[in-house]
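Engineer: Build me a model:
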Amino acid sequence: MAKIEPGQIINLALLIVGLAAIKELKGSFTASTDRLKCSKDPGKPSLTANGYEAVAGRIYGYLYDDPWEYESAIIREMNRMANDRDVCELIQAYGERGPFYGRKLTLGQALANYLSDKQLAELNGNLSAKGIKYRF
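Structural biologist: Predicted coordinates for the structure are as follows:
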């Protein structure tokens, strides 16, 4: 019989928890609804295409590295969005990224799964205060 190391048990437990989390994905945005026509959203883009890519890249980095440590940094990046057009452009720039437990996620799915309910409420409150219609 093969000897099982404690680290193997922990890795298996993390894998099982991760797979269960993916099965229970929350978030109102799916890959198809994230592909929006941003030109129909009100507001002038406040960043260039490269600017949205940079913000999307930083958010992904925070989520992938340690979302619980970087919640405030993620909120700070999202607060850079000034209007509906900005949020739409950011969603498109983010696309689907991963892997998160073997699966690629959209921005909405990633935020809804990795931010706490308190942080999501703060984010959505900030968006609402700016008159932005998007919620995560």
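
Engineer: contacts and neighbour counts: CA atoms only from here.
Structural biologist: OK.

Engineer: Any idea how far apart the tips of stretch 62-78 sit?
Structural biologist: Terminal residues of stretch 62-78 are spaced 12 Å apart (C-alpha to C-alpha, to the nearest Å).

Engineer: Would you mind pulling the contact partners of that stretch?
Structural biologist: 55, 58-59, 98, 100, 110, 114-115, 119, 123 (C-alpha atoms under 8 Å, 6 or more residues apart in numbering).

Engineer: go with 10 Å
Structural biologist: The contact list for stretch 62-78 (C-alpha atoms under 10 Å, 6 or more residues apart in numbering) reads 55-61, 79, 86-87, 90, 97-100, 110-111, 113-116, 119-120, 122-124, 126-127.

Engineer: Pull out the buried members of these.
Structural biologist: Buried by 16 or more other C-alpha atoms under 10 Å: 55-56, 58-60, 86-87, 90, 97, 110-111, 113-115, 119-120, 123-124, 126-127, out of those.

Engineer: Check what pLDDT residue 41 gets.
Structural biologist: Residue 41 carries a pLDDT value of 77.

Engineer: do the one 3 residues further on as well
Structural biologist: With respect to pLDDT, residue 44 scores 91.

Engineer: swap in residue 36?
Structural biologist: 58.

Engineer: All the strands of the protein, residue numbers only.
Structural biologist: Taking DSSP state E as the criterion, the chain carries its strands at 96-100, 103-106.

Engineer: a markdown table for those, including mean pLDDT?
Structural biologist: Below are these laid out as a markdown table (pLDDT from 0 to 100):
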| stretch | mean pLDDT |
| --- | --- |
| strand 96-100 | 87 |
| strand 103-106 | 91 |
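
Engineer: All set, thanks.
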